[in-house]
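*Asks:* just to be clear, the model below is a prediction. Sequence and coordinates:
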Amino acid sequence: MKLAVPTDFDILDALSDGRRNTAVNLSHLINKNRSYINTRLPVLADYGLVERVGPAPNSGLYEIIEKGRIVAANRDAYERDDLDFEAFVAAELDERKEAAEGGRKPG
């Protein structure tokens, strides 16, 4: 995953309040060009950090999901050269899933 720093983190931070939002609103919140935000949101969705939500399929409304929350909370780790950030995020996501399941491993 190749994130645009600081914009992608700013988008994730803005969505971390748990509310759904559009590129227009996000561009205003983080003071970035709307068309640039429009290009970044689908990339963040492809990385599994945000998802496009209804009511209409093409509404342009996005919300952050669990993996995105992990990435947003670990901005400093992303910029470290000695860390495999994607592996770090995957491990953190697995740990949260296990905790949510009561510590049970599937199988």
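*Replies:* Yep, that arrived.
*Asks:* and the helices in the protein?
*Replies:* Under the criterion DSSP state H, helices of the chain are mapped to 7-15, 23-30, 34-46, 66-73, 75-78, 85-100.
*Asks:* with mean neighbour count, distance to Gly60 and mean pLDDT added, can I get the ones you listed in TSV?
*Replies:* Where C-beta positions appear, they are placed from N, C-alpha and C, glycine not excepted. Output for those, formatted as TSV (neighbours: other Cβ atoms under 10 Å; distance: least, Cβ to Cβ, whole Å; pLDDT from 0 to 100):
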stretch	mean neighbour count	distance to Gly60	mean pLDDT
helix 7-15	21	13	97
helix 23-30	17	6	95
helix 34-46	16	8	95
helix 66-73	20	17	96
helix 75-78	14	25	94
helix 85-100	13	26	94
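*Asks:* want to try CSV for those, with distance to Pro55 as columns?
*Replies:* Formatted as CSV, the helices of the chain follow (distance: least, Cβ to Cβ, whole Å):
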stretch, distance to Pro55
helix 7-15, 18
helix 23-30, 16
helix 34-46, 17
helix 66-73, 21
helix 75-78, 31
helix 85-100, 27
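*Asks:* closest one to Met1 among these?
*Replies:* The closest of the helices of the chain to Met1 is helix 85-100. By Cβ to Cβ, the value is 5.7 Å.
*Asks:* who are the packing partners of the closest one?
*Replies:* helix 66-73, helix 75-78 (3 or more Cβ pairs under 8 Å, 6 or more residues apart in numbering; DSSP states H and E).
*Asks:* relative to Ala45, which of those is closest?
*Replies:* Nearest of these (Cβ to Cβ): helix 66-73, 9.5 Å.
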